[in-house]
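Enquirer: Could you look at this predicted model? Sequence included:
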Amino acid sequence: MPRTLPDGFLYGVCYYPEHWDASRHASDIQRIAAAGFEYIRIGEGAWGYFEPVEGQYRFDLFDNVLNLCRKHGLKVIFGTPTYCGPAWIARNYPEVLRYNFQRIPMEHGSRRNYNYTSPKYIELSDKICTALAEHYRREKQIFAWQLDNEFNCHMDVSYAPSDEAAFRIWLQEKYGTIEKLNKAWGTAFWSQQYNDWSQILLPHPTAAHPNPSHLLDESRFISDMVCRFARRQADILRKANPKWLITHNHLFANVDGPKLVHDGGLDFFSHDQYPLFTGEGNWTDYAHGLHVARSLSFPYAVMEQQSGPGGQLSYLHRTPRQGQQRLFTWQSIAHGAKALSYFRWRTCPYGAEQHWHGLIDQDDRDSRRLAEAKTVGSEIARLPKALWDAPVARAVAVMRDYDNDVNDTRINTYIPDGRWELGRWIGEFAGRQIPTDIVWPSSNLKGYKILILPHLKIVDKALVEKVTAFAQAGGVVVLGAQSGLKDRNCHIVEAVLPGLWRKVAGVEVEDWTMLDGKTRPVKLGGDRNFTLSLFAERLKPTRGTEVLATWDTDDTLLAGAPAITRAKVGKGSIIYVGGYCPSEATDTLADELMEMAGLSSLVDATPRVEAISRDSGKHKYLFLMNHSTKPEQVRGLPEKCKELLTAQKVAGGTLTLPAYGVAIVES
Amino acid sequence: MPRTLPDGFLYGVCYYPEHWDASRHASDIQRIAAAGFEYIRIGEGAWGYFEPVEGQYRFDLFDNVLNLCRKHGLKVIFGTPTYCGPAWIARNYPEVLRYNFQRIPMEHGSRRNYNYTSPKYIELSDKICTALAEHYRREKQIFAWQLDNEFNCHMDVSYAPSDEAAFRIWLQEKYGTIEKLNKAWGTAFWSQQYNDWSQILLPHPTAAHPNPSHLLDESRFISDMVCRFARRQADILRKANPKWLITHNHLFANVDGPKLVHDGGLDFFSHDQYPLFTGEGNWTDYAHGLHVARSLSFPYAVMEQQSGPGGQLSYLHRTPRQGQQRLFTWQSIAHGAKALSYFRWRTCPYGAEQHWHGLIDQDDRDSRRLAEAKTVGSEIARLPKALWDAPVARAVAVMRDYDNDVNDTRINTYIPDGRWELGRWIGEFAGRQIPTDIVWPSSNLKGYKILILPHLKIVDKALVEKVTAFAQAGGVVVLGAQSGLKDRNCHIVEAVLPGLWRKVAGVEVEDWTMLDGKTRPVKLGGDRNFTLSLFAERLKPTRGTEVLATWDTDDTLLAGAPAITRAKVGKGSIIYVGGYCPSEATDTLADELMEMAGLSSLVDATPRVEAISRDSGKHKYLFLMNHSTKPEQVRGLPEKCKELLTAQKVAGGTLTLPAYGVAIVES
Amino acid sequence: MPRTLPDGFLYGVCYYPEHWDASRHASDIQRIAAAGFEYIRIGEGAWGYFEPVEGQYRFDLFDNVLNLCRKHGLKVIFGTPTYCGPAWIARNYPEVLRYNFQRIPMEHGSRRNYNYTSPKYIELSDKICTALAEHYRREKQIFAWQLDNEFNCHMDVSYAPSDEAAFRIWLQEKYGTIEKLNKAWGTAFWSQQYNDWSQILLPHPTAAHPNPSHLLDESRFISDMVCRFARRQADILRKANPKWLITHNHLFANVDGPKLVHDGGLDFFSHDQYPLFTGEGNWTDYAHGLHVARSLSFPYAVMEQQSGPGGQLSYLHRTPRQGQQRLFTWQSIAHGAKALSYFRWRTCPYGAEQHWHGLIDQDDRDSRRLAEAKTVGSEIARLPKALWDAPVARAVAVMRDYDNDVNDTRINTYIPDGRWELGRWIGEFAGRQIPTDIVWPSSNLKGYKILILPHLKIVDKALVEKVTAFAQAGGVVVLGAQSGLKDRNCHIVEAVLPGLWRKVAGVEVEDWTMLDGKTRPVKLGGDRNFTLSLFAERLKPTRGTEVLATWDTDDTLLAGAPAITRAKVGKGSIIYVGGYCPSEATDTLADELMEMAGLSSLVDATPRVEAISRDSGKHKYLFLMNHSTKPEQVRGLPEKCKELLTAQKVAGGTLTLPAYGVAIVES
């Protein structure tokens, strides 16, 4: 039996007993249950309550709340409280502090002020987790634990002395000999040779640019330390009660997602969904994190679902409009959540998140936002159980890779806009109501028709072989400019570009240039013109590779040369795009790729409508969501089908979604 | 007898004997007296002269200058030199240094490099002040002392070890028990609980946002340390010569103005008036600091009046044009100065202010700027003595509050533009030639017709009661969005908003949203449309409150709801504006408020003319100032009146001001 | 015999044996020689190879490469490797590290992480230089040494404890007594007096602006430390082999160019030419560094000539287009290079410059860029030897001065754009095909007709006398606003402005103002109108000085007053421009000045054509370079002349340059 979320859907809310006078707990829990919630998420911020003085534990407040939950039939996800703790930790053990790049310790007075490597902090983490695990080992209401909270949120690096010591050990384990490290890092350049492990620092302020391989290993090290820290907590909890499920919420920078799930010992991944961080974003931006979540585990949980305007001292989101919170919630569910809890029940009157608004405000009145949450709760309750485990349909996959994320954001940052292309591809297909996923090199590619690797500079043989096999089996692969530029040491390959892709993609890069923020036009087939941007390559097809588009410019470096090529590979093909794709390029190419792959839209609707198709084997469930403030018509639905929220049959394959409306069509 | 500035007006200039060879003093003092000046301001930068070696004092240079002053009938304001001192202080006692937020000591080599809390610096301050006080206790030319110079200029925080120690003591005195502090700061959020005073730091670099209550207490602490430091010097000086008047110049951030005057032991407040810091500002910007000065003491002194282009290494003001320096001077006087000294006599050839230009330049020639100063001196001399103590007329008051200043600038900074609204209200009324003042919660509100509290988030019962009483007595009160959001602990109130204002303002905030830099239109009465900005509230009137304006938008959160309301309160009313006011809003509302309060302009003129009315009981004095480069006509003057500078009768109630012209009309 | 570059031209490439497996050296050296190169530049980054463990040296790799060079007839420029070294240096001797302004040591892991003052680093530098010098003292292939590499590149300050100690000694040597320092620095301002040398720090974070004189002395000190460090290496090398030539490459901030050449003990100056750092710059921007190089030594070497897109982690240049690398190379040569080496042979696959592209890429294929380099090599070989020492023609000189560079970039930064005027003047004349040079106060002014001192605020008597003599002998001198404002202590002069220029320029500054980013129009002669910017002066001519232009504005400070004047001085004149010159001003004034000085263009061509004229005594050589992507016609060539690259006679004084084309016309 897989260790994952239990049958059915779990609907919940985050609740913080420690923020409120004990006299309010009974009424709060009663109201939470009455609103239709099935679980509360609790505990991750309460170390200061649990252990006010080192070694002295108390649990009464939480025991009482758990009793109230029992009374009202609420389940509980409990958090280990190690992302923030009381002042005595920092004062008694300053070595546990997180240090910034300038080697200034990040002090008590906020959160996330600990490193993951100091033996003392690991010991303190062990102790509090053990104390909680032992105390609650027989507590039936708790079905899952969240490890810590949002690893690497706010600050995704640390340069404490213990981090440096741990880095050296990590390097020793990885490389074995200092000679191998010198080679892997290319220390012959600028005379950076090391004689001894003790000479190695974490990256540090330097007079000029740092060593790329050093940076890449730092990010891998950080991720491994996060996973090690997580796993240690997971092991303590599982030892106490093997039935407990283990999760962690959200993926931040310098954490390798697939590794976190696997090495961190998670049973399922949780995501924190705050669409309003994208400002006036469109729905494909809102959905981005849900794509990430689904790529890491299906089903996933949404541990924190935005329930109002979020804000800290320096920013405050706009307020979700009437119906929009419900829409956001359904979006989270449609993409694959099987549990979802709002953040949070009631806004805290004090602290750095006094502007992080919950379902109800400090005034404690029932609010419009609470009413919407109740609506969703009652809707969920009406839906068939089979829906929650029904897989999401597959068609297009866009690949991310941890090393490449690191390379693009921390190392080769000369094209900072380049990394947004991944989101543009997803938006382009999702906006056409085509099932679209994020995948990783380790993902199962079964079911996809199109696989896009936007600009993975770092590749290895295994990845090239896997992608080649995908193409040979009939898939359409898209490689972007600079693909295959580097190896896993972050060295540029000593080979004709695109390096490991060269043979299979049937193309060579003859010359290339940065475009200094400009674009260059290409001509695709007959009359379709668009531009590529940022970086442009002059391609040379080999072994009969087809030229799909040529550079249509008087720039002598490019003029008339192939810009996009297609090589046949088995039953499929590999398309190579010799530039970065702005919106007009992804727009045109998405149509072209759909045609090549024989894909068609799930429904006939404007790009303002999101469609997610799931198939339980017995039924198909089509989630339809209108992200605009006006009604939208959806055509092309199955002739015989039913809308589940309204329990109405759909006539003539057509349905109208009201503003911010949601429909679930069963067929 | 009140301890304030002596009878009549005092006209002066800042002079720095220590910057010039002693051979030039006699000629300089002679020229200063000949130019019509009555006092010099002296000494605040000369610690290096007074105490070149620790404990070894010398005063000869200054004794000589004081003798020259005696000879030429010049009075003296002497400054204690503690805002900067010789290198031996920093080297012998590094604990006295000011530390920045990153805990780097600010070193010798500039100014303001000391903290206010180190016992050693307090001792050194005591000693130099005592030495000066003792040496000059019988010196008749000195009538006043300036304490230190521009507290908190350039740098308004300090994180030295002594600051942290003093903060802990300050907190102990304030809270008594650590439990009370934990409650007041809301440390239950993010597990920030303290066990012991020794665990508390001043704010420090942290991984995420800090605690708002912690920041607010920090700013109160800083202000208290400034006042304590000031008071200690005041006490030393008063003990030496009880007749001496005590002042300090300018109000910078992290100093609570009313507290500085009261707790710091000042007899009158001084202001440093540099209009050109506002660049191409309009005259209401120029006047802003004068409003602040008058709110703190009437009369006040202008200790430093801009006498040329000011500049330091990284900036240089434009040069006041022909007549503009005179106009700036008259503006300072009209608002309530009874003493005014230009900064400075002659520009220093060296040091960080070698581009801070005085009345004459390094070339020592009589300049246009000196000639203008002479003109003003001779004009002052012709005016009636009664004028200088004649109070400024009152009509509109706009309230500032220290806690709210801190909250808006250091804590809740998510609407950084919001705090400029105070200046817009002042500009709106002053530009209509309506008497306008800044007031504080402690101010006497007698005489005002309109009281505006732009967006005071933090309020307490006493303030609400005081403002309610003002309305009940017939006043018109304006509250802006977010009023009453917080209590004095910086917690958000656990009550329906606008919290303590809710009952008396007869309104509830049903919903609200940030506007993300956008605006939303409202419709006021018949055809007057304008927009509110930044933050919008959906209001719900209670107990018959009148709706003045509604939201005229299809934004579903606001559409059709009340945006501005007016509740009758006794003989007056409280108006609640559910948004922030850009210029078009203050423009429309100012007219509306004038009508409600039955206010009319002092004169009939364009907004380019400033008018200040003062009433000695026997006569009314109307200062008229033309801030434009073209002549301006002023109508609506009393039928029978006299212009004092020209000693001409004014015919037909009309007068024409030349470019940059000034008139003082007596009636 | 002067110690300078040998007869003829030397064509080379930078090569880094330590970056490649030894098995590739033979083939690389063979290919380098076959491509037409005559020398390689080598060694400056290889300390990690030479001394992997402290005191243990090895040279085999380089001995082998030198043997290969001998075999293929390649000469060698060897670099001392002190700009970067292995990790043991930083770990064993942390006192050698460069510190940033916040006093954080810049660590190992990049380059340029050493200070120039720590006794330990000087000792380590002595040892490695001595070891290299001793080992290679009889090596015939080596004809020159490069000291270190790019002093002050990336980071031009250091605040290590040893820097502070050295600064105190430097000050003691300069001033002798602390009283003299106090006077020179103007420490009476803000009580900054020092009692003792030990109290002096290098500039440090302070609460407000620092002391200008302190900053100026810091920059002079840094430059002197660079020169001292360089000289020490030069002495070691010369002692080992007096025939070796000594050079250093590039001039960065905080190095006084003429002093580096003289005090640093260089035989010739080298420049690193990367035109693409100017982005889409025009050719006068590309040429700027070449003007600097020629001002420091003629002939000079180009040690690093851009051979492809350069890039580090955060940026990447565009790729030179077909023919453009050749054009860049010829530009370097035309301006006066007698040796030139491309940076670099092949791109390094790893390290911070893995995107710094050489003639060939990591794929090792012969490239278009290599082909262009071969073309230039064969062209050079065809040219007459007399050409390489033929001086560049002189006409216009624009003066730079180290103190003024420092003052404008680090001290008085209130007009940051002001310093670009130097480049605009050069561009204006060079774009008219007029010979134009940068000169320094120490330069020989013989041969110039026009001398422009854009805005030298700091001047001394010697400079004024030298420039006056130039005018008296018939030269046209141009002084810009603020000329003569300061003395060499960085004090503002206590004299009527323009200070030391006042008498000879026959003009006084009556008033002035900053323009706050605005401009003001002037009228020159009949109908020529243009604007001056940034800073405007109201001039007053004395002793019959002619008014060339007046302020044509209603700004009362300027209206109708003289803006530009011309005083006759002997056979020449001094023109004073009372403002800063935007392009339209330099454009109009350049024409005016040409007429005054009787200058005419070398050829008749558009500004897209660059012309450099050189005269061997026997022949004139005119380099013509077309920097546009279209053909350009050049007229006005001598009736009887020959184009050397094509070995064709030029008919009718007219020649057409193809896109990016180059011609060398002999007459």
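Expert: Nice, I can see it. Please read these numbers as outputs of a predicted model, since none were measured by experiment.
Enquirer: how about the residues of the stretch 501-650 of chain A near chain B?
Expert: A:Thr629 (C-beta under 8 Å from any C-beta of the partner chain). C-beta here means a position set from N, CA and C on the backbone, and glycine is covered the same way.
Enquirer: any chance you could map the helices in the stretch 501-650 of chain A?
Expert: Using DSSP state H, counting those that start in this stretch, the helices of the stretch 501-650 of chain A run over A:502-505, A:583-597.
Enquirer: can you tell which of the ones you listed is closest to A:Gly474?
Expert: The minimum distance between A:Gly474 and the helices of the stretch 501-650 of chain A falls on helix A:583-597, with 8.9 Å, by C-beta to C-beta.
Enquirer: List the buried residues for that closest one?
Expert: By 16 or more other C-beta atoms under 10 Å in any protein chain shown, the buried positions in helix A:583-597 come out as A:Ala585, A:Thr586, A:Asp587, A:Thr588, A:Leu589, A:Ala590, A:Glu592, A:Leu593, A:Met594, A:Met596, A:Ala597.
Enquirer: Same check on stretch A:54-61?
Expert: A:Phe59, A:Leu61.
Enquirer: Quick one: the strands in the stretch 501-650 of chain A, in order.
Expert: Applying DSSP state E, counting those that start in this stretch to the stretch 501-650 of chain A gives strands spanning A:507-524, A:528-541, A:546-551, A:562-569, A:572-577, A:579-580, A:609-615, A:620-626, A:632-634, A:641-643, A:648-650.
Enquirer: Now do the second one against strand A:572-577, angle only.
Expert: So the one you mean is strand A:528-541. Between the direction of strand A:528-541 and that of strand A:572-577, the angle (axes from the mean of the first three to the mean of the last three C-alpha atoms, to 10 degrees) works out to 100 degrees.
Enquirer: Could you list the paired strands of strand A:528-541 along with their orientation?
Expert: Partner strands and pairing direction for strand A:528-541 (DSSP bridges) are strand A:507-524 (antiparallel), strand A:579-580 (antiparallel).
Enquirer: Could you tell me the angle between the first one and strand A:546-551?
Expert: Yep, that's strand A:507-524 we're talking about. For strand A:507-524 against strand A:546-551, the angle by the same axes, to 10 degrees is 70 degrees.
Enquirer: check contacts around the residue positioned nearest the centre of chain A.
Expert: For chain A, the residue sitting closest to the mean C-alpha position, by C-alpha atoms, centre = their mean, is A:Val292 at 3.5 Å. By C-beta atoms under 8 Å, 6 or more residues apart in numbering or on different chains, the contact set of A:Val292 is A:Leu251, A:Gly257, A:His271, A:Ile438.
Enquirer: do the same with A:Leu359
Expert: A:Leu359 is in contact with A:Val13, A:Ser307, A:Gly308, A:Tyr342, A:Arg344, A:Trp345, A:Arg346, A:Ser367, A:Arg369, A:Leu370, A:Ala373, counting by C-beta under 8 Å, 6+ apart.
Enquirer: If the nearest residue to the second one once chain neighbours are set aside is in a bridge, with which residues?
Expert: Once flanking residues are discounted, A:Ser307 sits nearest to A:Tyr342: 4.0 Å by C-beta to C-beta, 6 or more residues apart in numbering or on different chains. On the basis of DSSP bridges, A:Tyr342 takes part in beta bridges with A:Val13, A:Gln305.
Enquirer: Report the residue spans of chain A with pLDDT below the cut-off.
Expert: Within chain A, the stretches falling below the threshold (pLDDT under 70) are A:1-2.
Enquirer: mind redoing it with 50?
Expert: Residues of chain A that meet the criterion pLDDT under 50 lie in A:1.
Enquirer: domains for it, by residue range?
Expert: Domain assignment of chain A by automatic domain parsing yields the ranges A:10-156+A:226-386, A:396-597, A:609-666.
Enquirer: A:Asp638 and chain C: what is the separation?
Expert: Actually, residue A:638 is Pro. It isn't Asp. If you measure A:Pro638 against chain C using C-beta to the nearest C-beta, to the nearest Å, the figure is 51 Å.
Enquirer: With A:Leu557 instead?
Expert: When distances are taken as C-beta to the nearest C-beta, A:Leu557 and chain C turn out to be 5 Å apart.
Enquirer: isn't that residue right up against A:Asp511?
Expert: Yes. Because the distance of 5.7 Å satisfies C-beta atoms under 8 Å, A:Leu557 is recorded as touching A:Asp511.
Enquirer: Now do the shared contacts for those two.
Expert: With contacts defined as C-beta under 8 Å, 6+ apart, the residues adjacent to both A:Leu557 and A:Asp511 are A:Arg538, C:Thr319.
Enquirer: Stretch A:559-566: which residues count as buried?
Expert: Within stretch A:559-566, the residues that qualify as buried are A:Ala561, A:Pro562, A:Ala563, A:Ile564, A:Thr565, A:Arg566, counting by 16+ other C-beta under 10 Å.
Enquirer: got it, and stretch A:47-56?
Expert: If you call a residue buried by 16+ other C-beta under 10 Å, then stretch A:47-56 has these buried ones: A:Trp47, A:Gly48, A:Tyr49, A:Phe50, A:Glu51, A:Pro52.
Enquirer: of the strands of the stretch 501-650 of chain A, which approaches C:Ala505 most closely?
Expert: Distances from C:Ala505 to each of the strands of the stretch 501-650 of chain A were compared using C-beta to C-beta; the shortest belongs to strand A:507-524, at 43.9 Å.
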